[in-house]
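K.L.:
pasting the sequence and the predicted coordinates here, then a few questions.
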Amino acid sequence: MPETGVGRTVRVEPHDQDELHEGRARRDRRPSARDLLTRRGALLGLGAVAGFAAVDVGGFAYAGGWLDGWTSPRPLTPSRFADRFERVYGHHDGFRRNHAKGLSATGTFASNGAGAALCRASIFQSGSVPLTGRFSLGGGLPDQADKPDTVRGLGLLFQAADGQQWRTAMINLPVFTDSTPQGFYDRLLASKPQTDTGKPDPAKLTAFLDRHPETVAAMKIIKANPPTTGFADSSFYGLNAFYFTNSAGARVPVRWSAVPQQQVTAPTDAMPERGRDYLFDGLIRMLAHRPLTWRLVLTVGEPGDPTNDATKPWPQSRRTVDAGTINITAVQTEAAGNARDINFDPLVLPNGISSSDDPLLSARSAVYARSFTRRAEEDKSPSEVDVARVLA
């Protein structure tokens, strides 16, 4: 099942050849993570982000960037990753192994032409292109109740007139919690809720944090940026770095984000009682009355800015470019033919955008290809989120 990007074909292989080898050499013992982040904060924070894998994506990227520098007696393959999602969340036929609960969307991207100075992709020339999107919640439970601190996702597929596509999967966290695929894999199990308490095992979580100071540092940043009241006023971040090349051949590292043009509202204790699907219901009702818009903001890195570590933010002083407006005009219950069956592979890129050395990128593409092939062969069940029901 080939998935064609521009200038490349991403192919799902019939077997696993990829190997993600665990662990760089352990450094000297660091201070306990409990000295940097309270146990309560760790439990709440990691409980919220435990399900993130930036939307189920397709395309098998057997890329060296995922393999370099890792050694382990047991390779970490895409199948093992998919198995771990099922171990944590259970098996749900036909749904994504992560970000299982979602809603299809359609709209346009109106480029103002400013991005063309950085990138030669036709998407950044002045004009408008259609897009397909998907709003989602992190985790592998397709019928989970909406909660304010669950990771929110926005996947987008930009369709250029020349046939090229740009796919991206963003979340509402300013940094990611893990710098390597192995760290993410280990965190999935460490943050799995216990059946009796509904919370992660404190001992397992503390042990994980003691081994991963980068996660502790990222959680401090995430805690300082609490979630907004809904999808419409959320900022979404691409997290990983990419390289943009313009028509003159100049190449720069870039991270991107989608900044809402709707008024941002912080949650309060006085918020009204919420229904089981209140985040999605609110989004559906808003879009029944008016389009929702986000500005696509490109942040340009400078020498020394990390391109291989999504847990580390770039300095706020970095130059930004407002490249245009993401317009979401309608949403649809997930079904055949809409975003339900789109793979928001972060490595399906137009000419002018290329991958960085971030090991998460090739891992995401490979792991979610395995997830995609599994669900593609399964019977489909109705989505928890039903547009007609909400608008009835």
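P.N.:
That came in fine, so what should we check first? Residues are numbered from 1 along each chain as shown.
K.L.:
quick one: end-to-end length of stretch 296-311, please.
P.N.:
21 Å (CA to CA, to the nearest Å).
K.L.:
quick one, helices of the stretch 101-250 of the chain?
P.N.:
Ranges of helices in the stretch 101-250 of the chain, per DSSP state H, counting those that start in this stretch, are 181-190, 202-211, 213-223.
K.L.:
mean neighbour count added to these, as CSV?
P.N.:
(C-beta placed from N, C-alpha, C; glycine too.) CSV is the format used below for the helices of the stretch 101-250 of the chain (neighbours: other CB atoms under 10 Å):
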stretch, mean neighbour count
helix 181-190, 21
helix 202-211, 17
helix 213-223, 20
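K.L.:
residue 82: which of these is closest?
P.N.:
helix 181-190 (11.0 Å; CB to CB).
K.L.:
kindly calculate the angle that the closest one makes with helix 202-211.
P.N.:
160 degrees (axes from the mean of the first three to the mean of the last three CA atoms, to 10 degrees).
K.L.:
which strands and helices sit next to helix 181-190?
P.N.:
Contacts defined by 3 or more CB pairs under 8 Å, 6 or more residues apart in numbering; DSSP states H and E place helix 181-190 against helix 78-89, helix 202-211, helix 213-223, helix 359-376.
K.L.:
ok, 7 Å please
P.N.:
The contact analysis (3 or more CB pairs under 7 Å, 6 or more residues apart in numbering; DSSP states H and E) places helix 181-190 against helix 78-89, helix 202-211, helix 359-376.
K.L.:
tilt between the shortest one and helix 213-223?
P.N.:
The reference is to helix 202-211. Using the same axes, to 10 degrees: helix 202-211 against helix 213-223 is 110 degrees.
K.L.:
give me the low-pLDDT residue ranges for this structure?
P.N.:
The chain contains residues with pLDDT under 70 at 1-73, 267-273.
K.L.:
the strands in it, which residues?
P.N.:
Using DSSP state E, the strands of the chain run over 2-5, 8-11, 101-111, 127-137, 152-159, 165-171, 236-237, 242-245, 251-260, 292-300, 320-332, 353-355.
K.L.:
switch the helices and strands packed on helix 181-190 over to TSV; also include distance to residue 286.
P.N.:
Shown next, in TSV, are these (distance: least, CB to CB, whole Å):
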stretch	distance to residue 286
helix 78-89	29
helix 202-211	36
helix 359-376	29
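K.L.:
deepest of those helices, which one?
P.N.:
Across these, averaging neighbours per residue (mean count of other CB atoms under 10 Å) puts helix 359-376 on top, at a mean of 25.
K.L.:
which helices and strands does it pack with?
P.N.:
Helix 359-376 packs on helix 64-67, helix 78-89, helix 181-190, going by 3+ CB pairs under 7 Å, 6+ apart.
K.L.:
turn the ones you listed into TSV, including distance to residue 207.
P.N.:
Formatted as TSV, those follow (distance: least, CB to CB, whole Å):
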stretch	distance to residue 207
helix 64-67	25
helix 78-89	17
helix 181-190	7
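K.L.:
so for residue 390, which of the ones you listed sits nearest?
P.N.:
helix 78-89 (24.9 Å).
K.L.:
what's in contact with that closest one?
P.N.:
16, 18, 97-98, 139-141, 185, 188-189, 192, 366-367, 369-371, 374 (CB atoms under 7 Å, 6 or more residues apart in numbering).
K.L.:
what are the bridge partners for the closest residue to residue 154 other than its chain neighbours, then?
P.N.:
Leaving aside its chain neighbours, residue 154 sits nearest to residue 236 (4.4 Å; criterion: CB to CB, 6 or more residues apart in numbering). Assessed by DSSP bridges, residue 236 has beta-bridge partners residue 258.
K.L.:
how about the contacts made by residue 236?
P.N.:
Going by CB under 7 Å, 6+ apart, the list of residues near residue 236 reads 154, 170-172, 257-258.
K.L.:
between the residues you listed, which is nearest residue 211?
P.N.:
Distances from residue 211 to the contacts of residue 236, taken by CB to CB, are shortest for residue 171, at 23.5 Å.
K.L.:
bridging residues for that closest one?
P.N.:
residue 153, residue 237.
K.L.:
right, and it touches residue 153 too?
P.N.:
Yes. Using CB atoms under 7 Å, residue 171 is in contact with residue 153, at 5.1 Å.
K.L.:
picking that back up, okay, the strands of the chain in a markdown table with distance to residue 206 next?
P.N.:
A markdown table is the format used below for the strands of the chain (distance: least, CB to CB, whole Å):
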| stretch | distance to residue 206 |
| --- | --- |
| strand 2-5 | 40 |
| strand 8-11 | 39 |
| strand 101-111 | 29 |
| strand 127-137 | 26 |
| strand 152-159 | 27 |
| strand 165-171 | 25 |
| strand 236-237 | 27 |
| strand 242-245 | 35 |
| strand 251-260 | 31 |
| strand 292-300 | 34 |
| strand 320-332 | 38 |
| strand 353-355 | 34 |
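K.L.:
of all those strands, which lies closest to residue 379?
P.N.:
strand 101-111 (17.9 Å).
K.L.:
sheet-wise, list the partners of the closest one with their directions.
P.N.:
Sheet partners by DSSP bridges: for strand 101-111, these are strand 127-137 (antiparallel), strand 320-332 (antiparallel).
K.L.:
just the CA atoms of it, as PDB, please.
P.N.:
Below are the C-alpha coordinates for strand 101-111, written out as PDB (Å, rounded to 0.1, in the frame of the first residue of the first chain):
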ATOM      1  CA  LYS A 101     -11.500   9.800  19.400                       C
ATOM      2  CA  GLY A 102     -11.800  12.400  16.600                       C
ATOM      3  CA  LEU A 103     -13.800  14.500  14.200                       C
ATOM      4  CA  SER A 104     -13.200  15.200  10.500                       C
ATOM      5  CA  ALA A 105     -12.900  18.700   9.200                       C
ATOM      6  CA  THR A 106     -12.600  20.600   5.900                       C
ATOM      7  CA  GLY A 107     -11.500  24.100   4.900                       C
ATOM      8  CA  THR A 108      -8.800  26.000   3.200                       C
ATOM      9  CA  PHE A 109      -5.400  27.500   3.800                       C
ATOM     10  CA  ALA A 110      -5.100  31.100   2.500                       C
ATOM     11  CA  SER A 111      -1.400  31.900   2.100                       C
END
